[in-house]
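In: dropping the sequence and predicted coords here.
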Amino acid sequence: MNTSADEQARAFIDGLLTRARPQAQDTARLRRVEILLHRLSDPHRAVPTVLIAGTKGKGSTAAMLASMLQAAGHRVGLYTKPHLVDYRERIRVDDALISPEDLAALVELARPQVEAMAAEPLGLPTYFELSVALAFLHFARSRADLAIVEVGLGGRLDATNIAEPIVSVITPVSYDHMDVLGGTLDQIAREKAGIIRARGAVVSAPQSAEPLAAIIDVCTRHEAKLTLVNEVMRWQALEATLHDQVFEMAGPWRDYGRLRLPLVGAHQLTNAATAVATAEVLAERGVAFAPGGIRSGLAAVRWPARVEVVGERPYVVVDVAHNPASLGALRQTLEAMFPGRRLILVFGMVATHDHRACTSLIAPLADVVITTTPQHVKPLPARVLAEEVARYAAQVEVIDDRLAAVRRALALARPDDVVVITGSFFLVGEVRDTLQRELIQQERAHAEPH
């Protein structure tokens, strides 16, 4: 059987997960991606870039900002991670995934440069480093006006930090990846604030006291202009459904009036405020915006698996929450959307995240918890997660197979119950499409006359 160029390209990218073995988080990571990009004619220098770091909300903020820029008439590159189903989701221009043909062509271009680096002291680029390089290549070749780039881990030493951002954005900072970023909020915030440049522009979402102090200190040292979202933006929720919300928002430049956002949860309004504040800072730096672009861009944003209701009777909610901050936001949103309803949780995590803190936030909300094992290079075994869940939930089941776990939850659910699937991108991404197809088939079967 012949393997397509697209399949060969993805196999090469995936192969770096095991071939490239970088040492601890250090400056070699930035140097390695710098070398790779230089071999590829420095595409990251061709497109003005906004870098977005933080613990939670950075992907949503990036998607909103990209949508608003596109609605304002700009050609916009968007790099996010990880993907839900298809690797190509990571690299987009004007919300169109990079085509299989373009991905294959870029990998073919990059492959000899990657292989040549195997003999160099710093070794092969990693999966993530190559992904960043491919994104910048695609943005440059597509002649994007701007690139909105979500930082991976931390900020200071992340491969995305090779760019020179015209604006650096920091979404809410909390505890995560403490083994790499540090054991205090001050240390973690300073790692995130590593994307700040001397005399640059910085936008910070609302922060707790310790991260805020660190961000202010870094900005002061770099003589960077800091915009604090909670000081310059005002917003208020007006209406909400299971699929969207209407709110009012005003900034230092103008009152935007009533806006619609097809994402739910109070945390998404904070993300929207951060994205709009960033748009206003970009406008100060010559990037054209108008209220209509803000309004239509927010209304058009597509960002699946963020407290997404994919079925009813029972309600089925998928969410990629995977750290304490995002699980806390999910809990608050579920309590607001489904007060008093019986909740069945399908829960799976990877071993590199704080499963104990995450469990303490979401498991007490559930009447039944089914733990499962995500398909990942470092999965947390379902039985290990179940041991922690048992501290909070009376009924716990262990089903390693992800789809089987979801089907068991649906079998246990009554029409008015809520089934929630969360804990990992890798769990949610795998089951979401299959789940949607099965639920559509069930709805059609019920609708057919007998």
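Out: It's in.
In: what separation do you get for Met233 and Leu263?
Out: For Met233, the distance to Leu263 equals 17 Å [C-beta to C-beta, to the nearest Å]. In this view, the C-beta of every residue, glycine as well, is placed from N, C-alpha and C.
In: got it, and Ala240?
Out: Distance from Ala240 to Leu263, by C-beta to C-beta: 10 Å.
In: between the two, who's got more neighbours?
Out: Leu263 (23 against 18; other C-beta atoms under 10 Å).
In: if I pick the residue nearest to the more buried one when sequence neighbours are not counted, what's in contact with it?
Out: Closest residue to Leu263 apart from its sequence neighbours, by C-beta to C-beta, 6 or more residues apart in numbering: Arg306 at 5.7 Å. Contact analysis of Arg306 by C-beta atoms under 8 Å, 6 or more residues apart in numbering lists 60, 263, 265, 268, 319-320.
In: restricted to helices, list those residues.
Out: 60, 268 (DSSP state H).
In: want to throw the contacts of Arg306 into TSV with distance to Leu16 and pLDDT?
Out: Below are these laid out as TSV (distance: C-beta to C-beta, whole Å; pLDDT from 0 to 100):
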residue	distance to Leu16	pLDDT
Ser60	28	97
Leu263	33	97
Gly265	35	95
Gln268	33	97
Asp319	29	96
Val320	23	96
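In: related to what we said a few turns ago, and the residue nearest to Leu263, helix, strand or coil?
Out: coil (DSSP: H, G, I helix; E, B strand; the rest coil).
In: how near is it to Pro364?
Out: Distance from Arg306 to Pro364, by C-beta to C-beta: 22 Å.
In: with Gln245 instead?
Out: Going from Gln245 to Pro364 by C-beta to C-beta gives 26 Å.
In: what of Ser4?
Out: Going from Ser4 to Pro364 by C-beta to C-beta gives 48 Å.
In: and if you look at Ala300?
Out: 36 Å.
In: repeat that for Gln375.
Out: For Gln375, the distance to Pro364 equals 27 Å [C-beta to C-beta].
In: count of residues packed around Ser41?
Out: 11.
In: that one in helix, strand or coil?
Out: Quick answer, by three-state DSSP: Ser41 is coil.
In: cool, and the one 10 residues further on?
Out: Using three-state DSSP, the three-state assignment for Leu51 comes out as strand.
In: wait, it touches Ile170, no?
Out: No. Using C-beta atoms under 8 Å, Leu51 is not in contact with Ile170, being 9.3 Å away.
In: more crowded one of these two?
Out: In this view Leu51 and Ile170 are compared by other C-beta under 10 Å, and Ile170 has more residues nearby, 33 against 30.
In: I'd guessed Asp401 sits against Ile370; true?
Out: No. Assessed by C-beta under 8 Å, Asp401 is found out of contact with Ile370, at 10.7 Å.
In: which one's more surrounded, the two?
Out: Neighbour totals were compared for Asp401 and Ile370, and Ile370 leads with 27 against 12 (other C-beta under 10 Å).
In: confirm the more buried one sits in a strand?
Out: Yes. According to three-state DSSP, Ile370 belongs to a strand.
In: ok, now which ones touch the closest residue to Ala250 other than its chain neighbours?
Out: Spatial nearest neighbour of Ala250, excluding adjacent residues (C-beta to C-beta, 6+ apart): Arg234 at 4.9 Å. Counting by C-beta under 8 Å, 6+ apart, Arg234 makes contact with 249-251.
In: that concludes my questions; thank you for your assistance.
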